[in-house]
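**Q** when you get a sec, could you give me coordinates for this:
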Amino acid sequence: MSERGMQELALLLLTALANAPRHGYAIAQEVKAITDGRVVPRTGALYGALDRLLNEGLIEVAREEVVGGRARRTFALTDSGRERLAAEAERLAATAQEVKRRLAAGGGAVPA
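**A** Sure thing, here's the model as predicted:
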């Protein structure tokens, strides 16, 4: 059996980091933009997921600084994270294609 699909939040966090490194708040804002406001990660869920992605080697801390007396880490996608994100995109695209095929076979209209 193939590798299990990743959870939506992990997918969205990796997607938010695909084109540029970002700090936590910027990642949350990017996720909100990517999902058209459907997903707004809470702080605990966001940093818990970022810690898991760090432990899996899919992201790394690109920079650490102190801003306004608070530590701020900037995260970046690793090569391994980029590969995993690309594989997940392929898996999701294949699943979506199969959904469309089966809907069409059922005689209903299929969105483009």
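
**Q** give the other helices and strands that the biggest helix by length in the chain contacts.
**A** Of all segments of type helix in the chain, defined using DSSP state H, the longest is helix 79-105. In terms of contacts (3 or more Cβ pairs under 8 Å, 6 or more residues apart in numbering; DSSP states H and E), helix 79-105 is packed against helix 8-17. All C-beta spots, glycine's among them, are computed from the backbone N, C-alpha and C.

**Q** got the angle between the helix or strand encompassing residue 65 and helix 79-105?
**A** Using DSSP states H and E, residue 65 falls within strand 59-67. Comparing the axes of strand 59-67 and helix 79-105 via axes from the mean of the first three to the mean of the last three Cα atoms, to 10 degrees yields an angle of 120 degrees.

**Q** list the buried ones in strand 59-67?
**A** For strand 59-67, a neighbour-count test (16 or more other Cβ atoms under 10 Å) marks 59, 60, 62 as buried.

**Q** stretch 23-41: end-to-end distance?
**A** This stretch, stretch 23-41, spans 14 Å end to end (Cα to Cα, to the nearest Å).

**Q** next, the buried residues of it.
**A** 23, 24, 26, 27, 28, 30, 31, 32, 34, 41.
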